[in-house]
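Novice: okay, predicted coordinates and the sequence, questions at the end:
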Amino acid sequence: MEQQQQQGATAARRMATLASHLRPHPASHPQMEDASLLTGSNCRAKGAAPGFKVAILGAAGGIGQPLALLMKMNPLVSVLHLYDVVNTPGVTADISHMNTGAVVRGFLGQPQLENALTGMDLVIIPAGVPRKPGMARDDLFNINAGIVRTLCEGIAKCCPNAIVNVISNPVNSTVPIAAEVFKKAGTYDPKRLLGVTTLDVVRANTFVGEVIGLDPREVNVPVVGGHAGITILPLLSQVNPSCSFTSEEIKYLTSRIQNGGTEVVEAKAGAGSATLSMAYAAAKFADACLRGLRGDAGIVECSFVASQVTELPFFASKVRLGRSGIEEILPLGPLNEFERAGLEKAKKELAESIQKGVSFINK
Ligand SMILES: NC(=O)c1ccc[n+]([C@@H]2O[C@H](COP(=O)([O-])OP(=O)(O)OC[C@H]3O[C@@H](n4cnc5c(N)ncnc54)[C@H](O)[C@@H]3O)[C@@H](O)[C@H]2O)c1
Ligand SMILES: O=C(O)C[C@H](O)C(=O)O
């Protein structure tokens, strides 16, 4: 009797799956946004393992696509929403065939933004234009500021408690923009808004590993300040494992880390900026946020966040992640003279970039 009931339930589920794939669909693709497949934040999606719900905004882009692939591979993710203004049907179909746990759904264009965001635990934003040779990140402000504002208005409305990871440049301004949007909406929680600076740490670990002859996975370099040129401040005096550098090495490493983005922009010669290493870095950071949400202890990453570590309202430094997002902002630790001088220069530029973002929303 019990066995017959089980067989009946299995057959019904298989029929429903088949029907959902055969049903004519407005977006002409079975994996695209469909109200019948959307679940509340407490429900488990059809066929999904327990886990977190993650949205990527700008998912069809150079970063978005490999990031979608990496998040589909993350066992902590049960539902993955891919939103963009172009090409999400193809990216969604492609990624959804991976036999990993997360259920993937695509959302195309502004009318589908709210469905993309509803019920999300983590929203990652790589939407926006990238640099071309000769440009500074700040040259992207005019286009990307408006994109980030619109997306954050959607977050405030549809998933105000989500952790938000901002990748879109200029990060030193887009994070303050996001904060101002959330303040206006009455949903701002500084513990849940994080600018992604992980690529600076990833690069620093790689370049320092090369110089000292260590596997980069065994190296940890804190990189503080912000995410543009001289605001990127690697603390080479605090490298773990502890090591010393000549002054030539310090100059070389600092400059290479600060200009890592430009190195890629120039090598790509007009075809964009870092996408693959960035997707790796973003996936690493998102995984840390999810492990924090799960309640894992001792998760520490550098990130550009609302901060009292300096007199500036935002600053990148080590933060401890937990169930509520940022649980602690760690102090900078002792800086040497070279780093103190770098910090003063960084703060001047950072203050202007932060103010530019704040004024954009409050003009
Ligand atoms: N934080 C970092 O360390 C870091 C590193 C690399 C790149 N970036 C930045 O990330 C951004 C994206 O870079 P990319 O190489 O992926 O660019 P890309 O042009 O390849 O992709 C951007 C995607 O955003 C989409 N998009 C544009 N407007 C949108 C909107 N309103 N809503 C949703 N999606 C929208 C585009 O359609 C495109 O698919 C750039 O601003 C770049 O400077 C940041
Ligand atoms: O350099 C860029 O424009 C992209 C990104 O900020 C990077 O550091 O690679």
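Specialist: On my side now, so go ahead. Numbers count the residues shown, from 1 in each chain. Ligands and ions are numbered 1, 2, ... in the order given.
Novice: CA atoms for contacts and neighbours, from now on please.
Specialist: Will do.
Novice: separation between Pro334 and ligand 1?
Specialist: Relative to ligand 1, Pro334 is positioned 25 Å away (criterion: Cα to the nearest ligand atom, to the nearest Å).
Novice: how close does that residue sit to ligand 2?
Specialist: Distance, Pro334 to ligand 2, by Cα to the nearest ligand atom: 26 Å.
Novice: pLDDT value on that residue, please?
Specialist: Note on Pro334: pLDDT of 98.
Novice: before we move on, what about Met15?
Specialist: 62.
Novice: please save the CA atoms from stretch 210-221 in CSV.
Specialist: Taking Å, rounded to 0.1, in the frame of the first residue of the first chain, the C-alpha atoms of stretch 210-221 are listed here in CSV:
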residue,chain,number,x,y,z
GLU,A,210,55.5,34.6,-7.0
VAL,A,211,58.1,36.9,-5.3
ILE,A,212,58.6,34.8,-2.1
GLY,A,213,58.3,31.5,-3.9
LEU,A,214,55.2,30.2,-2.1
ASP,A,215,52.0,28.6,-3.3
PRO,A,216,49.5,31.6,-3.6
ARG,A,217,46.9,29.6,-1.7
GLU,A,218,49.2,29.7,1.3
VAL,A,219,49.6,33.5,1.2
ASN,A,220,47.2,36.0,2.7
VAL,A,221,47.7,39.7,2.1
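Novice: buried ones in it, by neighbour count?
Specialist: Neighbour counts over stretch 210-221 (16 or more other Cα atoms under 10 Å) mark 216, 219-221 as buried.
Novice: just flag the most distant two among those residues.
Specialist: Pro216 and Val221 (10.1 Å; Cα to Cα).
Novice: which neighbours do those two share?
Specialist: Residues touching both Pro216 and Val221 (Cα atoms under 8 Å, 6 or more residues apart in numbering): Asn205.
Novice: what's the neighbour count on Thr231?
Specialist: By the criterion of other Cα atoms under 10 Å, Thr231 has 24 neighbours.
Novice: Asn336: which of the buried residues of stretch 210-221 is nearest?
Specialist: Using Cα to Cα, Val221 comes nearest to Asn336 of the buried residues of stretch 210-221, at 14.8 Å.
Novice: measure the closest one to Glu301 for me?
Specialist: Counting by Cα to Cα, to the nearest Å, the separation of Val221 from Glu301 is 11 Å.
Novice: one more: Ile167?
Specialist: With the distance defined as Cα to Cα, Ile167 ends up 15 Å from Glu301.
Novice: now name the helix or strand holding the residue of the stretch 1-150 of the chain found nearest ligand 2.
Specialist: Closest contact between the stretch 1-150 of the chain and ligand 2, by Cα to the nearest ligand atom, is at Arg131 (4.8 Å). Per DSSP states H and E: Arg131 is located in neither a helix nor a strand.
Novice: that one contacts Asp138, correct?
Specialist: No - using Cα atoms under 8 Å, Arg131 makes no contact with Asp138, being 9.4 Å away.
Novice: compare these two (neighbour count), which wins?
Specialist: Counted by other Cα under 10 Å, Arg131 and Asp138 do not tie: Arg131 has more neighbours, with 21 against 17.
Novice: what's the burial count for the closest residue to Phe182 other than its chain neighbours?
Specialist: If the residues on either side of it in the chain are set aside, Phe182 comes closest to Tyr188, at 4.5 Å by Cα to Cα, 6 or more residues apart in numbering. The number of residues packed around Tyr188, counting by other Cα under 10 Å, is 18.
Novice: figure out the helix or strand that Tyr188 lives in.
Specialist: Using DSSP H and E, no helix or strand contains Tyr188.
Novice: for His25, give me the pLDDT.
Specialist: 37.
Novice: now Arg192
Specialist: 98.
Novice: gap between it and Pro160?
Specialist: 10 Å.
Novice: what do you get for Gly295?
Specialist: 20 Å.
Novice: those two - which one has more neighbours?
Specialist: Pro160 (24 against 14).
Novice: what number of residues are in the vicinity of the closest residue to the more buried one other than its chain neighbours?
Specialist: Once flanking residues are discounted, Pro160 sits nearest to Thr187: 5.9 Å by Cα to Cα, 6+ apart. If you count neighbours by other Cα under 10 Å, Thr187 ends up with 16.
Novice: tell me which residues touch Thr187, please.
Specialist: 156, 160-161.
Novice: find me the pLDDT at it, would you?
Specialist: 98.
Novice: spell out which parts of this protein neighbour ligand 1.
Specialist: 57-58, 60-64, 84-86, 126-131, 147, 167-169, 196-197, 199, 272-275, 278 (Cα under 6 Å from any ligand atom).
Novice: now, those residues that are in strands?
Specialist: 57, 84 (DSSP state E).
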